[in-house]
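Asker: need the 3D shape of this:
(2 chains)
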There are 2 protein chains.
Amino acid sequence: MTGWVTVAGLGPGAEALVTPEVSAALADATDIVGYIPYVARLAPRPGLTLHPSDNRVEMDRAHAALTMAAEGRRVVVVSSGDPGVFAMASALFEALEAAPQHQGLEIRILPGITAMLAAAARAGAPLGHDFCAINLSDNLKPFSEVERRLRHAARGGFAMAFYNPRSKSRPGQFERVLQILREECEPSRLMIFARAVSTPDEALSTVTLAEALPEMADMRTVVLVGNELTRRVGPWVYTPRSVPA
Amino acid sequence: MTGWVTVAGLGPGAEALVTPEVSAALADATDIVGYIPYVARLAPRPGLTLHPSDNRVEMDRAHAALTMAAEGRRVVVVSSGDPGVFAMASALFEALEAAPQHQGLEIRILPGITAMLAAAARAGAPLGHDFCAINLSDNLKPFSEVERRLRHAARGGFAMAFYNPRSKSRPGQFERVLQILREECEPSRLMIFARAVSTPDEALSTVTLAEALPEMADMRTVVLVGNELTRRVGPWVYTPRSVPA
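Answerer: You can find the predicted model right below:
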């Protein structure tokens, strides 16, 4: 039996947002590896072993997946959203780089609906022009790098999407992010706090930068920031496709 | 009968990348509106009217969709990729802003797999850290705005994804984009030219910025540019999750 590793994006939560390609890979797997709440989304079945693991052990998980595949298992590493956006795909290639003996394995990355695009769709079209995605966590990079990117994104006129805006281990940091945005953008700039989109816990709120509070975000929230042309139409928020000359 | 408008993302091309949510909306529609090649992806059936239209008539299409919905039709506006990324969702809200009589209509935006994430998955994980998406077309914004965003993206250390890199109507512009990148980034910076991902015409090539040529892109290509840490492992390209302090 030939083993393989697939890194698959489960989307933001709803079953209706899982692609048929990902569903087929899950149905063909012998082993599922991933963070506990993502693995919990999958139904057990005979012949399938679930390997849930904790947060912050991404490299262990990636090494385990490669090792099982080398032993002939068909392994799906699950990510929420898209595996290539602040998720497990990069961790797998980091592990592969450190393990030349596994570089002949069959590997596939299967895209999924990433949180910012699910959130944007619920809000309207706030990312309808040039935009950027920034992971606000400073677990894996210095906060000075977050600040540099925020300022360039604002000065470049990008709309923005923030992943991991706030956690219990860094409670004050999102307040600093809001301060930086206030230095760079006008107070009427629109922001969307989108929590747990497509799940029963979904909650969206649109506020101006002047109204934004750190407590509006938690680890299940993706935060969208419009560009200077972003506006409301009825309950919707959208960014026009055009920039006047 | 109550009409509605749904703007749905068909993904980059393969049926296996269409979400069940989008498939359900298409099955429930009376009318499908969209650019000719996207509408051509759908099978005709009794009770369904297809309304294919040409490129660059996005506003006409959006107005037509709202008008039909107001008449009680169930209208799906199809986009390739994700409707909120350089696609029809913003056009619909522009049309809605200009038509207050339609602002009570039921509207839904359904996300899809956008081209840059499908391309990134095929290449490995080149967008595995902070990144931005830029539409290189100057149809709806001055080229000076494209240049401003390119320079801020490069100076902010973002990986980048370029949509609409090159067309027959602006043959010299992508060469200018490459010049700007060469002014801002090192010659060894990795780039991926991903054409028609997930279709029978799919073609991917990874080159350095020094090796990149304007002819490597066309309108069916999405171009990815790594950040300064992006590297190869075997046939794959990935961007590490960490930035050293």
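Asker: only C-alpha atoms for contact and neighbour calcs from this point on.
Answerer: Will do.
Asker: need phi/psi at the residue in chain A that chain B sits nearest to.
Answerer: In chain A, the residue that lies nearest chain B is residue A:132 (3.8 Å; CA to the nearest CA). When read as degrees, to the nearest 10, the backbone of residue A:132 gives phi -140, psi 160.
Asker: for residue A:143, same thing?
Answerer: The phi and psi values for residue A:143, taken as degrees, to the nearest 10, are phi -60, psi -30.
Asker: ok, residue A:169 - contacts?
Answerer: With CA atoms under 8 Å, 6 or more residues apart in numbering or on different chains as the criterion, no residue contacts residue A:169.
Asker: so how far is the host helix or strand of residue A:50 off the chain centroid?
Answerer: Remark: residue A:50 resides in strand A:49-53, with elements defined by DSSP states H and E. Mean C-alpha position of strand A:49-53 versus that of the full chain (CA atoms, centre = their mean, to the nearest Å) differs by 21 Å.
Asker: list of residues touching it?
Answerer: Applying CA under 8 Å, 6+ apart, the set of residues contacting strand A:49-53 is A:30-36, A:39-40, A:44, A:61.
Asker: that one pairs with which strands?
Answerer: Sheet pairing of strand A:49-53 (DSSP bridges) gives strand A:31-35 (parallel).
Asker: right, and the helix or strand after the strand it pairs with?
Answerer: Counting by DSSP H and E, what follows strand A:31-35 is helix A:36-39.
Asker: pull out the buried positions in the strand holding residue A:50.
Answerer: For strand A:49-53, a neighbour-count test (16 or more other CA atoms under 10 Å in any protein chain shown) marks A:50-53 as buried.
Asker: any idea which helix or strand comes after it?
Answerer: Counting by DSSP H and E, what follows strand A:49-53 is helix A:58-70.
Asker: for that next one, buried residues please.
Answerer: A:58-59, A:61-70.
Asker: could you do stretch A:236-245 as well?
Answerer: Within stretch A:236-245, the residues that count as buried by 16+ other CA under 10 Å are A:236-242.
Asker: how about the CA coordinates for that stretch, as PDB?
Answerer: Presented in PDB, the C-alpha positions along stretch A:236-245 are these (Å, rounded to 0.1, in the frame of the first residue of the first chain):
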ATOM      1  CA  TRP A 236     -24.000  45.700   3.700                       C
ATOM      2  CA  VAL A 237     -20.400  46.900   3.600                       C
ATOM      3  CA  TYR A 238     -18.500  47.000   0.300                       C
ATOM      4  CA  THR A 239     -15.300  48.400  -1.200                       C
ATOM      5  CA  PRO A 240     -15.800  49.800  -4.700                       C
ATOM      6  CA  ARG A 241     -13.900  48.300  -7.600                       C
ATOM      7  CA  SER A 242     -12.700  51.700  -8.800                       C
ATOM      8  CA  VAL A 243     -10.200  54.100  -7.500                       C
ATOM      9  CA  PRO A 244     -10.700  57.600  -9.000                       C
ATOM     10  CA  ALA A 245      -7.600  59.000 -10.800                       C
END
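Asker: quick one: the helices in chain A?
Answerer: Counting by DSSP state H, chain A has helices at residues A:20-28, A:36-39, A:58-70, A:88-97, A:115-123, A:143-155, A:173-184.
Asker: show me what the last one is packed up against.
Answerer: This points to helix A:173-184. Counting contacts by 3 or more CA pairs under 8 Å, 6 or more residues apart in numbering or on different chains; DSSP states H and E, helix A:173-184 is packed against helix A:143-155.
Asker: before we move on, the earlier item: quick one: mean pLDDT for the strand holding residue A:50?
Answerer: Strand A:49-53 shows a mean pLDDT of 96.
Asker: what's the angle between that strand and helix A:58-70?
Answerer: With axes from the mean of the first three to the mean of the last three CA atoms, to 10 degrees defining the directions, strand A:49-53 sits at 160 degrees from helix A:58-70.
Asker: would you put the C-alpha positions of strand A:49-53 in PDB?
Answerer: Taking Å, rounded to 0.1, in the frame of the first residue of the first chain, the C-alpha atoms of strand A:49-53 are listed here in PDB:
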ATOM      1  CA  THR A  49      -7.900   6.600  13.200                       C
ATOM      2  CA  LEU A  50      -8.300  10.100  14.600                       C
ATOM      3  CA  HIS A  51      -5.200  11.800  16.000                       C
ATOM      4  CA  PRO A  52      -6.300  15.000  17.700                       C
ATOM      5  CA  SER A  53      -3.600  17.100  19.200                       C
END
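Asker: show me what contacts residue A:124?
Answerer: Going by CA under 8 Å, 6+ apart, residue A:124 touches A:236-238, B:84, B:89-90, B:93, B:109.
Asker: what ranges of chain A fall below the confidence cut-off?
Answerer: A:1 (pLDDT under 70).
Asker: can you list the domains in chain A?
Answerer: Using automatic domain parsing, the domain parsing of chain A gives A:4-113, A:116-238.
Asker: in CSV, list the ones you listed along with distance to residue B:8.
Answerer: As requested, the domains of chain A are exported to CSV (distance: least, CA to CA, whole Å):
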stretch, distance to residue B:8
domain A:4-113, 12
domain A:116-238, 10
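Asker: same list (the buried residues of helix A:58-70) but as TSV, adding distance to chain B.
Answerer: Listed next are those as TSV, based on distance: CA to the nearest CA, whole Å:
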residue	distance to chain B
A:58	11
A:59	11
A:61	15
A:62	13
A:63	15
A:64	18
A:65	16
A:66	14
A:67	17
A:68	20
A:69	17
A:70	17
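Asker: now the end-to-end length of stretch A:14-34.
Answerer: This stretch, stretch A:14-34, spans 18 Å end to end (CA to CA, to the nearest Å).
Asker: of the helices of chain A, which is nearest residue B:7?
Answerer: Of all the helices of chain A, it is helix A:115-123 that lies closest to residue B:7, at 9.2 Å by CA to CA.
Asker: list of residues touching the closest one?
Answerer: The contact list for helix A:115-123, computed with CA under 8 Å, 6+ apart, reads A:11-12, A:81-82, A:126-127, A:161-162, A:192, A:194, A:197-198, A:204, A:222-224, A:236-238, B:82, B:84, B:108-111.
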